[in-house]
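Q: Please work out how this folds:
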Amino acid sequence: MRDPEQELSRWGIQAAQEDQLLRCSPRCIYTPSFANISSHSRKRNKGGGGNQIFPIHLLLWKASDFVYEEAEELEEIRKCGMKNFRNIQVDEANLLTWQGLIVPDNPPYDKGAFRIEINFPAEYPFKPPKVTFKTKIYHPNIDEKGQVCLPVISAENWKPATKTDQVIQSLIALVNDPQPEHPLRADLAEEYSKDRKKFLKNAEEFTKKYGEKRPVD
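A: Reported below is the predicted structural model:
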């Protein structure tokens with residue numbers, strides 16, 4: 001990660017370059033010359049409370065770094081060709097929202113594919129992304145609204161060094177192997193634990209009915 005102050009001192013960014021950074025940094029809200037950073041600012045306010053005032057070009061530089069990081073992660077995922085995460089769709093003007101298809105290997109979910117949406121907060125990577133299933137799924141760890149219980153992106157477990165591909169791999173593992181001890185749907189967790197055959201039958205029928213078509217290699 002580049003140090004904003006060192007880079008600015010070295011290169012002496014002028015007003016025209018600030019405008020250019022502003023146009024490519026959707027996370028920033030422009031104020032004429034300065035912006036407030038509240039006391040929860042992660043890197044700039046370790047010593048105490050209260051608000052601090054920083055030149056807007058410092059904020060723009062830092063925000064653009066986060067945008068570039070997400071762009072690099074997206075490019076890496078596309079290049080590696082993850083067989084279980086396909087048809088990735090991203091609005092290049094807003095890298096904060098990704099969509100793609102989860103393609104599970106294990107029955108009963110191998111009878112379809114499931115569209116997910118990944119939303120990155122403005123504070124990423126210091127706050128975790130949110131994953132939502134847009135396709136209905138019969139799964140004890142995913143509720144009717146598509147919310148998923150995924151430990152790696154929980155507030156207490158999240159680490160800024162965690163990459164998006166690790167989040168996706170954890171999600172795929174959870175879909176393939178449900179964890180009934182941490183359910184979002186207690187009824188399905190009970191069915192999974194007490195009558196696995198019935199659960200697999202219901203989940204397969206549900207997947208065939210609501211799942212998306214699996215990509216053809």
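Q: Give me the secondary structure label for the residue nearest to I137 when sequence neighbours are not counted.
A: Once flanking residues are discounted, I137 sits nearest to F114: 5.5 Å by Cβ to Cβ, 6 or more residues apart in numbering. (Each C-beta comes from the backbone N, C-alpha and C, glycine too.) Look at F114: counting by DSSP: H, G, I helix; E, B strand; the rest coil, its state is strand.
Q: how many neighbours does F114 have?
A: The criterion is other Cβ atoms under 10 Å. On that basis, F114 has 25 neighbouring residues.
Q: tell me the pLDDT at it?
A: Listed pLDDT for F114 reads 99.
Q: Test of understanding: give the bridge partners of it.
A: Listed beta-bridge partners, F114: I102 (assigned using DSSP bridges).
Q: for it, what are its contacts?
A: Listed by Cβ atoms under 8 Å, 6 or more residues apart in numbering, the contact partners of F114 are L101, I102, P104, F133, T135, I137, V175, G211, E212.
Q: again with E69
A: P125.
Q: okay but G146 is in contact with K130, surely?
A: No - between G146 and K130 there is no contact under Cβ atoms under 8 Å: 10.4 Å.
Q: The two - which one has more neighbours?
A: Neighbour comparison, G146 and K130: the larger count goes to G146, with 17 against 14 (by other Cβ under 10 Å).
Q: how near is that one to Y192?
A: To Y192, G146 is 19 Å away according to Cβ to Cβ, to the nearest Å.
Q: rewinding a little: how much space between the residue nearest to I137 and T132?
A: From F114 to T132 the distance is 11 Å (Cβ to Cβ).
Q: Please apply the same query to W158.
A: For W158, the distance to T132 (Cβ to Cβ) stands at 17 Å.
Q: show me the contacts for S193.
A: Applying Cβ under 8 Å, 6+ apart, the residues near S193 are P180.
Q: Same question for I153.
A: Here I153 is in contact with P128, P129, K130, V131, T162, V167 (Cβ under 8 Å, 6+ apart).
Q: how about these, which pair is most distant?
A: K130 and T162 (13.8 Å; Cβ to Cβ).
Q: pretty sure D177 is touching P107, no?
A: No - assessed by Cβ under 8 Å, D177 is found out of contact with P107, at 11.4 Å.
Q: Okay, and the beta partners of W98?
A: V90, I118.
Q: Which residues does the nearest residue to K145 once chain neighbours are set aside form beta bridges with?
A: Distance criterion Cβ to Cβ, 6+ apart; nearest residue to K145, sequence neighbours excluded, is T132 at 7.7 Å. Note on T132: beta-bridge partners by DSSP bridges are E117, Q147.
Q: Assess the claim that T132 and G146 are in contact.
A: Yes - counting by Cβ under 8 Å, T132 does reach G146; the two are 4.5 Å apart.
Q: ranges for the strands of this protein?
A: 34-37, 52-55, 85-90, 97-102, 114-119, 130-133 (DSSP state E).
Q: Which of the ones you listed has the lowest mean pLDDT?
A: strand 34-37 (a mean of 36).
Q: Let me know how buried I102 is, in neighbour terms.
A: Number of residues near I102 (other Cβ under 10 Å) recorded here: 24.
Q: Please give me every residue in contact with V167.
A: I118, P128, P129, V131, L150, V152, I153.
Q: Which pair of those residues spans the longest distance?
A: Checking these with Cβ to Cβ, the most distant pair is I118 and V152, at 12.6 Å.
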